[in-house]
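1. From the sequence below, what's the structure:
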Amino acid sequence: MRFSHAASHTQAIFDDEHVISYAGLAPALRLAERCGLDRLAGEHLALGAADGVNAPMKVTSIVAGLACGADSIDDLDLLRHGGMDKMFTGIRAPSTLGSFLRAFTWGNVRQFDKVARQVPAALAVHTPLLPGADVPAFLDVDSMQRRTYGYAKQGSGFDHTKIQGKSVLVRGLNALTVTLSTPLSTPLSTPLAAPVVAASRLRGGTCGSGRGAASLLSESITTARAAGCSGTLVLRGDSAFYSADVVAACRTQDVRFSVTAKQDPKVKAAIAAIDDHAWTPIKYPRAIFDEQAGGWVSDAEVSETRYTAFTSRKSKQATARLIVRRVRKLDQADEGQGELFPAYRYYPIFTDSPYTLLQAEEQHRDHAVQEQVNADLIGGPLAHLPSGHFAANAAWLTCAAITHNLLRALGCLASAFHARARGATLRRHLISVPARLARHGRSGGHGHLDLHLPARWRWQPAWLNAFTATHDPPATPTA
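-> Residues are numbered from 1 along each chain as shown. Reported below is the predicted structural model:
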């Protein structure tokens, strides 16, 4: 690839009032409008401070900025360029939006969380956001420590997080999220669409991962049911969420659970009691299919037994399946006698899953999909937490969850590929598309607006799918 002109014959002039950089905001905000984001914000948000007025317009402005890739309050100024004021009205300055966020109290954040939990249900009505919602769906819970710098961030503190696979102690704030996904093919673990955020909550940096998980889970279950997930719901989580309160919350609301069990002495004793002939080889990354034996030859095996957990809390003790996966520790086997005296690593799962042993174990391993959602948030709006006020950062997290779900829904309208694409890919393919605006004709005093986009845009069909779906009248449900 080479330049067509010499450097001395090339100029750059920022003077075009009819060009915008983010034409994809047209279908994205039409979809937000159709799903009633501004209406929900107006109904539920009641900020007492003067800077909290006109919440619907300001919430929409922040979500629009995050959809374009903003990860700080100053970045929201990307909405004010070229012809953006010709396509949209009510765009607010970053200083105004920053003051709006700082006007939030914790009570306002909880009001905003209610708005965010109703958005997935509205999106599911207008888009194939959750395909096959009547089949088994999965709620995945996890926490992430977002690093902050200095001492100006309210609530920040030191806790552990993983960086490049290593656990390190960092100063920051802790975000707890619950994601919702609905696989619709065989095997059950192959999804047609990426997960959406069912609920989120910002906590202090020093809090434990499982703090508040039971109450947030209850809220996410309500979200999942409102979004049409009428089939079996299964909660998945790691050992941080192996608690009597989480399991009790699941059973109270008729939700199955599948959480990694902590290897305390009781669990270790239950694993040791499993008969050595009860282990079944599974299809694992290094497994080889033996045609003569008619099965997999693998260094991983699974088995299960019955187990009663949380016996110290009589009112919340639970009896369910303890599914155990074991993997050979070849590096720790006795030298020259590895086959006679094998050593194993054990991974126990406490679950009341109604599925077979192999299905339940494989489904639990798919809990790793939560890491991709966290990576999407970190690679976008949560690149950092922009305010020194804790409530403002909590509201920012809620805006990030709404934006994530909005982009997921837009991807579902665009194509099968974009229904599962990363957030950065959706922004690059569908949002960050330049366009020149042109007005023509008259209709009731309002001119028509044309968007002239780049010729031979690689993702033109997908972009037009999303545009057409959001600009045509919504389909009327048939009787």
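2. So for stretch 269-280, what gets flagged as buried?
-> Buried residues in stretch 269-280, counted by 16 or more other Cβ atoms under 10 Å: 270-271, 274, 279. Any C-beta I mention is one placed from the backbone N, CA and C, and that applies to glycine too.
3. That stretch - what's its average pLDDT?
-> For stretch 269-280, mean pLDDT is 94.
4. how long is it from one end to the other?
-> This stretch, stretch 269-280, spans 20 Å end to end (Cα to Cα, to the nearest Å).
5. gap between that stretch and the chain center?
-> 36 Å (Cα atoms, centre = their mean, to the nearest Å).
6. now the helices: where do they sit in the stretch 251-400 of the chain?
-> 265-272, 357-365, 369-378, 390-414 (DSSP state H, counting those that start in this stretch).
7. What lies in contact with the second one?
-> The reference is to helix 357-365. Residues outside helix 357-365 that contact it (Cβ atoms under 8 Å, 6 or more residues apart in numbering): 138, 187-189, 234, 236, 258, 260, 280, 282, 302-304, 321, 323, 325, 349, 351, 353, 355.
8. Could you rerun that using 6 Å?
-> With contacts defined as Cβ atoms under 6 Å, 6 or more residues apart in numbering, helix 357-365 is touched by 189, 236, 258, 302, 304, 323, 325, 349, 351, 353.
9. now that helix, how far from the chain's geometric center?
-> The answer for helix 357-365 is 21 Å, by Cα atoms, centre = their mean.
10. buried set for that helix?
-> Quick answer for helix 357-365 (16+ other Cβ under 10 Å): 360-364.
11. With pLDDT and distance to residue 420 as extra columns, can I get those in JSON lines?
-> Below are those laid out as JSON lines (pLDDT from 0 to 100; distance: Cβ to Cβ, whole Å):
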{"residue": "360", "pLDDT": "94", "distance to residue 420": "24"}
{"residue": "361", "pLDDT": "92", "distance to residue 420": "23"}
{"residue": "362", "pLDDT": "89", "distance to residue 420": "19"}
{"residue": "363", "pLDDT": "91", "distance to residue 420": "18"}
{"residue": "364", "pLDDT": "94", "distance to residue 420": "21"}
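12. Between these, which sits nearest residue 412?
-> For the buried residues of helix 357-365, the closest approach to residue 412 (Cβ to Cβ) belongs to residue 363, at 22.5 Å.
13. Below-threshold pLDDT in the stretch 1-150 of the chain: ranges please.
-> For the stretch 1-150 of the chain, applying pLDDT under 70 flags the ranges 133.
14. Report the two of the contacts of helix 357-365 separated the most.
-> Across the contacts of helix 357-365, no pair lies farther apart than 189 and 304, at 18.4 Å, counting by Cβ to Cβ.
15. ok, residue 103 - contacts?
-> Residue 103 touches 47, 49, 51-52, counting by Cβ under 6 Å, 6+ apart.
16. Kindly report the same for residue 94.
-> Contacts of residue 94 (Cβ under 6 Å, 6+ apart): 73-74, 76-77.
17. any idea how far residue 163 is from residue 144?
-> Distance, residue 144 to residue 163, by Cβ to Cβ, to the nearest Å: 11 Å.
18. Could you do residue 130 as well?
-> 32 Å.
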